[in-house]
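# the following comprises the amino acid sequence and a computationally predicted model.
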Amino acid sequence: MARKSIDQKLAILSDAAKYDASCASSGSTRRDSRDGKGLGSNTGAGICHSYAPDGRCISLLKILMTNFCIYDCVYCVNRVSSNVERARFSIEDVVNLTIDFYRRNYIEGLFLSSGIIQSPDKTMEDMVRIARKLREEENFRGYIHLKTIPDAAPELIAEAGRLADRLSINVELPTDQAVKEYAPEKSPDQIRKAMADVKLRLAASKDKSHTGKRPPKFAPAGQSTQVIIGADGANDATILGQSTRLYGSYGLKRVYYSAFSPIHDASARLPLISPPLRREHRLYQADWLLRFYDFQLHEIVDTSLCGNLDLEIDPKLAWALAHREAFPVDVNTASRESLLRVPGFGVKTVNRILSTRRHRSLRYEDILRLGVSLKKARVFITAVGWTPGALTDSAELRGMFAPPPEQLSLF
């Protein structure tokens, strides 16, 4: 078999990495080389683009170390029984690519995942060696996210956390039964044990000793996880319920939802049709409502269809349409909690409204001057000189926001 060039490996392994969704670099400590020491930076404006919660666009070299794998997870395009083209980077390949791409200003950091080769420990050991060479030999100070392997030895995961900004351990699928059915070589209990261990190490890294000395840093950007959606029969209510438990149990920074796409894997032995990417998007929106908008899971699920989110409209709008008795709200008197439930209002918008109304009453034009898009919100609010009248209770209200019907092709 002909030896592959670095460019050929990069094409294969960067394409294979697109199924790993956990690549945001938010939450890390500030570290750069403007003092003349070291190389790289994990801050500032930005070959994968990701967005931090503060809106920064960041660029990462997002690759697999290898797409060879000894496991046969049914939903994974890189499983051992798949007929995809295989490639493997050496440790030096990944280090050199990262440094070269950074010097060309292509990237600000590295997101590294891998198929399992030989054993979980061997794979994790190689990934740790890559991070160690970058940090200690190349003095690289950019962002590093490592996809860790739950079956690897705890000391290897501990070393990974010392070197990386963020660790992630995939829970794989929404339910234990689905993992046992579609990924029989993986253990839900072992996955949770590894995540709990990372949580404990994160907590220990923040504790000061009685002398005030801080312990070594451990994954300062925290841990995250990924859930494959659409590979099993779990509905959105089950998926969001799982995410809520994960946030509460392991202090995760983020749960990532990755839509299974059998279109890209014709040999997948799964009976179910892949969900559209819109479902993935709706889950992210619902997740955001649960984390930052004071919504409870039952409120979002109660408006769903057989436990699945409405694909035509976002979950906050779906809740508002189902609870029109709560609207319209007066932007000059409503509580923060009520304003957060107005479709089209984000956290920043609500904070601006609350800050401005301390000094004067808000008119419709004032809200526009705050940079707020009122396309959705205007139906659900009142202000000085503005009321939606009977529009809030209109039978045609949903039709104002849902996409128009589309003629499908017969061929």
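Looks like it came in fine.

# correct me, but Leu134 touches Leu110?
Yes - between Leu134 and Leu110 there is a contact under C-beta atoms under 8 Å: 7.3 Å. From N, CA and C alone the C-beta is placed, and that goes for glycine too.

# show me what counts as buried in the longest helix seen in the chain.
Counting residues, the longest helix found in the chain (DSSP state H) is helix 188-206. For helix 188-206, the neighbour count (16 or more other C-beta atoms under 10 Å) marks 188, 191-192, 194-195, 197-199, 201-202, 205 as buried.

# for stretch 346-361, same thing?
349-350, 352-353, 356-357.

# against Lys376, how distant is Thr382?
Going from Thr382 to Lys376 by C-beta to C-beta, to the nearest Å gives 15 Å.

# ugh, typo on my part, it should be Leu397
Taking C-beta to C-beta, one finds Leu397 at 11 Å from Lys376.

# ok, now Ile63?
Taken as C-beta to C-beta, the span from Ile63 to Lys376 is 39 Å.

# please say which of the two ends up with more neighbours.
Ile63 (28 against 18; other C-beta atoms under 10 Å).

# what helix or strand is that one on?
Assigned by DSSP states H and E, Ile63 belongs to strand 57-64.

# which strands and helices lie in contact with that strand?
If you count contacts as 3 or more C-beta pairs under 8 Å, 6 or more residues apart in numbering; DSSP states H and E, strand 57-64 packs onto helix 6-16, strand 48-51, helix 91-103, strand 109-113, strand 143-147.

# how about low-confidence regions in the chain?
Low-confidence segments of the chain (pLDDT under 70): 1, 21-46, 49-56, 209-212, 261-276, 404-411.

# how is it carved up into domains?
6-207+216-302, 315-401 (automatic domain parsing).

# nearest to Leu309, out of those domains?
In terms of C-beta to C-beta, the element of these nearest to Leu309 is domain 6-207+216-302, at 4.3 Å.

# how far off centre is that closest one?
Relative to the centre of its chain, domain 6-207+216-302 is centred 9 Å away, using C-alpha atoms, centre = their mean, to the nearest Å.

# strands of the stretch 251-400 of the chain, start to end?
254-259, 329-330, 381-382 (DSSP state E, counting those that start in this stretch).

# the first one - contacts with which helices or strands?
Put plainly, it is strand 254-259. Here strand 254-259 touches strand 223-229, helix 236-250, helix 277-292, going by 3+ C-beta pairs under 8 Å, 6+ apart.

# and among the ones you listed, the most buried is which?
Greatest average neighbour count among these goes to strand 223-229 (a mean of 23), per mean count of other C-beta atoms under 10 Å.

# and the angle from that one to strand 143-147?
50 degrees (axes from the mean of the first three to the mean of the last three C-alpha atoms, to 10 degrees).
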